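Colleague: pasting the sequence and the predicted model now:
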Amino acid sequence: MITSIEKMTIYVRDEEEALRFHTEKQGFEKRMDLSFRPGTRWLTAGPKGGGGPEIVLQNPAGWQDPEGAARLSAQIGKRPPIIFGTKNCRETCDELKAKGVTILAEPQPRPYGVEAMFADLYGNAFVLVEPKNG
């Protein structure tokens, strides 16, 4: 079962530039800044004081193969993907599949938890995350 809207990914060309915009112009605070391997950065920001969903500022180049990075980079400035939270990613994917929902990416372990992707009836992609901390 989906339990929350957790994050919204915004594809950017430059994470530092985007972070400055959101912190200096919008008054957000940096919430998380992790690097898993060269070229990948998990950078989030949100309203000061915590609470509520965060935005993920992500340059697709480090996370995708060249074809995937080009496809996602073409989304810069367009609708950002929404990340839904769940307590059990695999179980939720099974529930969604049983209801006829298209699973775009099966649950996979990530440094921050377990992640999958599914599509709605119009082909819009959504990310599903079971956070590592429950």
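Modeller: Done, it's in.
Colleague: domains of this protein?
Modeller: 12-79, 81-134 (automatic domain parsing).
Colleague: which residues in this structure form strands?
Modeller: Using DSSP state E, the strands found in the chain span residues 2-11, 28-34, 42-47, 54-58, 82-86, 102-110, 113-119, 125-131.
Colleague: report all helices and strands that the fifth one contacts.
Modeller: Looking back up the chat, that one is strand 82-86. Contact analysis of strand 82-86 by 3 or more C-beta pairs under 8 Å, 6 or more residues apart in numbering; DSSP states H and E lists strand 2-11, strand 125-131 as its packing neighbours. (C-beta placed from N, C-alpha, C; glycine too.)
Colleague: which of those is buried the deepest?
Modeller: Counting by mean count of other C-beta atoms under 10 Å, strand 125-131 has the highest mean neighbour count of the helices and strands packed on strand 82-86, with a mean of 19.
Colleague: which secondary structure elements does it contact?
Modeller: Secondary-structure packing of strand 125-131 (3+ C-beta pairs under 8 Å, 6+ apart): strand 2-11, strand 82-86, helix 89-98, strand 102-110, strand 113-119.
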